[in-house]
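Visitor: dropping a prediction and its sequence here:
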Amino acid sequence: MARSLNKVMLIGNLGADPEVRSTSNGGRVATISIATSRQWNNQAGERQEKTEWHRVVLWNTRGGGQLADTAEKYLKKGDRVYVEGRIEYRTWEDREGNTRYTTEINAREMIMLSPRGAGGGAGASGDAELSAASARSPRPAATEGKSESYEDFPEALNEEDDDLPF
């Protein structure tokens, strides 16, 4: 049987503060909205931009991943984040009996990319060094007393700069 893969990786900015709620069995879940943008030049040479909005669901898990709690404590509107997870499609019936559809990213990992003290998300206390919600997601290592981030290397996110050999 052939294997398959459902993996999503996003880098973008939060469009609002996280919405956190508790489930009936005592679990916690946070929902965030992440904006990603791409830019290109049209045939007339005019700069164009398109923004996509992604609904991301962050769960606290029994295995120790406290993504929902971390989002609630450290993330704010405008913060830049990296999220990795899987895409899921759900349907349900609303109160009027209409079938509703949604597409969500069920996050497995999240790393805060906003500099500490900017946007309020990662600068409130010394605990903010816990920038990731899992032990597998540490902040970039400090180099010569300075923390590196994607803002230090904007070309790393440039879609037009593709050096792949295929």
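Guide: Yep, it's here.
Visitor: ranges for the helices of this protein?
Guide: Listed from the start of the chain, the chain has helices (DSSP state H) covering 67-74.
Visitor: run through the strands of it in chain order.
Guide: 8-14, 19-22, 28-41, 47-59, 80-93, 99-112, 142-143, 146-147 (DSSP state E).
Visitor: got the buried residues for the third one?
Guide: So that's strand 28-41. By neighbour count, and taking 16 or more other Cβ atoms under 10 Å as the criterion, the buried residues in strand 28-41 are 28-34. Yep, even glycine has a C-beta here, placed from its N, CA and C like the rest.
Visitor: what do you get for the first one?
Guide: Neighbour-count burial for strand 8-14, counted by 16+ other Cβ under 10 Å, picks out 8, 10, 12-14.
Visitor: what angle separates it from strand 47-59?
Guide: Orientation check (axes from the mean of the first three to the mean of the last three Cα atoms, to 10 degrees): strand 8-14 against strand 47-59 gives 100 degrees.
Visitor: check the third one too.
Guide: Between the direction of strand 28-41 and that of strand 47-59, the angle (the same axes, to 10 degrees) works out to 170 degrees.
Visitor: point out the other helices and strands that strand 28-41 packs with.
Guide: strand 8-14, strand 19-22, strand 47-59, helix 67-74, strand 80-93 (3 or more Cβ pairs under 8 Å, 6 or more residues apart in numbering; DSSP states H and E).
Visitor: can you list the strands that that strand pairs with?
Guide: strand 8-14 (antiparallel), strand 19-22 (antiparallel), strand 47-59 (antiparallel) (DSSP bridges).
Visitor: using CSV, write out every CA atom in the first one.
Guide: Same thing as strand 8-14. Taking C-alpha atoms only, strand 8-14 is exported to CSV below (Å, rounded to 0.1, in the frame of the first residue of the first chain):
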residue,chain,number,x,y,z
VAL,A,8,1.1,22.1,6.0
MET,A,9,3.8,24.7,6.9
LEU,A,10,2.8,28.3,7.2
ILE,A,11,4.6,31.5,8.2
GLY,A,12,2.4,34.5,8.6
ASN,A,13,0.9,37.0,10.9
LEU,A,14,-2.1,36.6,13.3
